[in-house]
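1. how would this look folded up:
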Amino acid sequence: MDLGEILSILRSRWYIVVPMLVLALGLGGATYAVVPTTYSTYTMVSLLSAPAATQTATQGQDNPFLNFNGSLVATADFLGRRLQSTDTVLQLKSAGLTEEYEVALAENAQGPFLTLTLTGDDRAHLLASATQLAEYAEKTLRDIQLENGVAERDRIKLTQVIPPQKPKAETKEKLQPVIVVGGGTAALAFILVFIVESISRARRRRAAGPSEKPVAAGAASVTPDIEGTMVIPIPPAPVQRSSAPVARSKPSSIEAEKTQRIVVPPRTAAGAAPAEKPKPPHGGPGEGPQTGRSGMARTYQSNGIDRRGQNVNRINGS
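-> Below you'll find the model as predicted:
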């Protein structure tokens with residue numbers, strides 16, 4: 001089935017294609033309107049060294065931004081795993097943070113930077129939840145150090161690098177169900193068209209019945225092969241009668257005393273001299289085979305069997 005035939009079938013079954021396409025558009029639009037729009041925002045925080053570690057590393061200067069060592073990156077990874085634990089998620093949900101969030105180290109970062117990403121369908125509440133998550137991260141870091149008896153001057157602190165950004169609509173999340181519903185309905189339309197066309201063709205074949213036509217005698221008939229090819233039997237060519245004499249086969253089981261060999265002289269070609277007439281074996285006029293015209297032979301009656309020739313009253317050997 002080529003493209004032209006497919007388009008022809010779709011055009012002939014327009015009463016199925018058009019309503020189904022309209023239905024697909026309607027369902028796609030309804031899905032787009034019903035599915036809520038998802039928004040996302042993010043904020044970024046960074047860990048800072050303790051005052052005692054900063055003064056030691058910077059020779060008495062109390063500036064934490066001058067000291068981003070490897071231990072802070074490990075502490076940031078520890079804090080991110082703690083924030084994504086099941087217990088922390090339940091605590092935040094009970095506190096009113098219902099959006100989904102993800103905490104991970106910032107990509108291509110060379111310091112202890114954590115990115116807090118939140119997704120939800122309420123833009124105003126999403127911004128408040130981002131601020132709440134950043135504050136909870138700072139509180140969790142402080143509580144962990146207090147539980148381990150870390151002194152105030154030796155505690156790692158947390159600061160906000162990027163505040164919560166304006167929420168952006170996630171069009172991909174909303175278009176996926178629209179494509180599934182609309183595309184599925186359109187595909188169902190094409191399937192229905194070909195099902196109806198197949199049923200219609202089957203009914204036409206049954207209504208038409210066998211369409212075999214009588215073949216005239218001697219004419220070539222065309223029959224379909226099981227492989228889908230056409231076999232054309234050719235009638236045998238008529239046998240041309242030849243004017244040349246046909247040699248008779250020698251009898252296989254005939255008694256010698258009841259037979260008489262008949263010698264048939266060959267016909268002479270046109271313009272050739274006639275062959276010498278054979279003489280009777282005994283010189284008598286009535287003995288031996290008598291011949292008439294050139295190439296013709298006469299038979300005898302042998303033991304009472306009619307050979308359909310002249311001198312039928314003679315008996316072999318008499």
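
2. gap between residue 84 and residue 133?
-> Counting by CB to CB, to the nearest Å, the gap from residue 84 to residue 133 is 11 Å. Glycine gets a C-beta too; all of them are placed from N, C-alpha and C.

3. Which one's more surrounded, the two?
-> Each of residue 84 and residue 133 has its neighbours counted (other CB atoms under 10 Å); residue 133 has more, 21 against 13.

4. remind me which residues of the stretch 151-300 of the chain are low pLDDT?
-> For the stretch 151-300 of the chain, residues meeting the criterion pLDDT under 70 lie at 210-300.

5. What mean pLDDT does the strand ranked longest in the chain get?
-> Scanning the chain for the longest strand, with DSSP state E as the assignment, gives strand 39-48. The pLDDT scores in strand 39-48 average 93.

6. quick one on the thing from earlier: name the residues contacting each of residue 84 and residue 133.
-> By CB atoms under 8 Å, 6 or more residues apart in numbering, residue 84 and residue 133 have no common neighbours.

7. So what does the residue nearest to residue 77 when sequence neighbours are not counted look like in phi/psi?
-> Leaving out its chain neighbours, the residue that sits closest to residue 77 by CB to CB, 6 or more residues apart in numbering is residue 105, at 6.2 Å. Dihedral pair for residue 105: phi -60, psi 140, per degrees, to the nearest 10.

8. For beta bridges, what are the partners of residue 105?
-> Residues in a beta bridge with residue 105, per DSSP bridges, are residue 114.

9. quick one on the thing from earlier: for the longest strand of the chain, which helices and strands make contact with it?
-> Strand 39-48 sits against helix 70-83, strand 113-120, helix 123-147, strand 157-162, strand 168-169, with contacts defined as 3 or more CB pairs under 8 Å, 6 or more residues apart in numbering; DSSP states H and E.

10. Outside of whichever helix or strand comes after that strand itself, list whatever touches it.
-> Reading on from strand 39-48 to the C-terminus, the next helix or strand found by DSSP states H and E is helix 51-57. Helix 51-57 is contacted by residues 49, 61-64, 66-67, 69, 153-154 when judged by CB under 8 Å, 6+ apart.
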